[in-house]
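**Q** need coordinates for the following:
(2 chains)
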Protein chains: 2
Amino acid sequence: MQFFEDLRIGDKSVLGSYTFSAEAVMAFGREFDPQAFHTDAEAAKQSSFGALCASGWHTTAAWMRCFVDCRAREDAQRAAQGEPSATLGPSPGFRNLKWTRPVYAGDTITFAQQIVDLRALASRPRWGLVTALNSAENQRQQPVLSFTGMIFVERRPG
Amino acid sequence: MQFFEDLRIGDKSVLGSYTFSAEAVMAFGREFDPQAFHTDAEAAKQSSFGALCASGWHTTAAWMRCFVDCRAREDAQRAAQGEPSATLGPSPGFRNLKWTRPVYAGDTITFAQQIVDLRALASRPRWGLVTALNSAENQRQQPVLSFTGMIFVERRPG
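**A** Coordinates of the predicted model:
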């Protein structure tokens, strides 16, 4: 992760992509969201979704995986250049999460992020609070998810 | 699920509880949130959390599991009394999700819900939009999660 001082409002990045295999959709559905349209391809055809689709919480978990992997790749690049990376702190939460379209088995979802606010907090001098608008679209460039997320990012020491 | 017409603003319910085993915390972390404090009990001791803790997205997925299981139990009770149940529709999304405290391996989290708004939509005559404040607390009665969720619930036919 870049240090808080190196981030700019308006910065955009593509976090990565995640393909929702039918097996992964059903495994997540059985464990966390056992409704027929997430666990049974035949029954899903009779549902309002019309086909097997991912739990909305599977989509948000996949966002997290892409976010963490993207930061790890960037940290490795900085380490290869002898540069330090900032520590990611906890997330206080998110706002306005919308699942705008179903994610169907077989879909590949690409996640992107744009920084919309940066706030240094007197109460937590080690950290800055980063607010970002997250969006996701499928392979037909249709939006499937958006939310405004917040996360603490380490400030440059000194 | 009760039909939309049978719900009342202010209705409260306990959805259920979920115990976060260390194995489940690490399995979810490895798949969706590979940061050391979610995947490695020893490394987690050195993190800002101080011990192995669940991904915030694991907590929301556990909420969904408790919500679905609670509705399935209620539907079974109604069926045993010869009463029909409403179909749960899609969720348009959530607002103001806050992870207020870490969920540690071994914690048992209890999820509760209160209805705060009911809206019949002219554009979707089959469905009503239910808004509920969701909250979760650990076995020490400390709040760990809150969010305002929205979901479509079937209206009574006719």
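**Q** residue contacts, A:Ser47?
**A** If you count contacts by CB atoms under 8 Å, 6 or more residues apart in numbering or on different chains, A:Ser47 has them with A:36-37. Where C-beta positions appear, they are placed from N, C-alpha and C, glycine not excepted.
**Q** and it, what pLDDT?
**A** For A:Ser47, the model assigns a pLDDT of 90.
**Q** is it true that A:Met1 touches A:Ala72?
**A** No: under the criterion of CB atoms under 8 Å, A:Met1 is not in contact with A:Ala72, lying 9.4 Å apart.
**Q** these two: which has the busier surroundings?
**A** Taking A:Met1 and A:Ala72 together and counting by other CB atoms under 10 Å in any protein chain shown, A:Met1 has the greater number of neighbours (20 against 14).
**Q** pull up the residues of chain A that are close to chain B.
**A** When proximity is defined as CB under 8 Å from any CB of the partner chain, chain A approaches chain B at A:28, A:31-35, A:48-49, A:55-58, A:60-62, A:64-65, A:68-69, A:72, A:88-99, A:102, A:147.
**Q** go again using 7 Å as the cut-off
**A** By the rule CB under 7 Å from any CB of the partner chain, the part of chain A lying against chain B is A:32-35, A:48, A:55-57, A:60-61, A:64-65, A:68, A:89, A:91-99.
**Q** okay, which residue is most central for chain A?
**A** Taking CA atoms, centre = their mean as the criterion, A:Trp63 is the residue nearest the geometric centre of chain A, at 2.6 Å.
**Q** does that one touch A:Ile109 like I think?
**A** No: the criterion here is CB atoms under 7 Å, and A:Trp63 misses it with A:Ile109 at 8.4 Å.
**Q** identify the contacts common to these two.
**A** Here A:Trp63 and A:Ile109 have A:Ala136 as joint contacts, going by CB atoms under 7 Å, 6 or more residues apart in numbering or on different chains.
**Q** for the lengthiest helix in chain A, buried residues please.
**A** Looking across chain A with DSSP state H, the single longest helix is helix A:56-80. Of the residues in helix A:56-80, those with enough neighbours to count as buried (16 or more other CB atoms under 10 Å in any protein chain shown) are A:56-68, A:70-71, A:75.
**Q** bridging residues for A:Ala136?
**A** A:Ala136 has the following beta-bridge partners by DSSP bridges: A:Phe111, A:Leu145.
**Q** so what's it up against?
**A** For A:Ala136, the contacting residues are A:63, A:109-111, A:144-145, taking CB under 7 Å, 6+ apart as the criterion.
**Q** kindly report the same for A:Val68.
**A** Applying CB under 7 Å, 6+ apart as the definition, the contact partners of A:Val68 turn out to be B:33-35.
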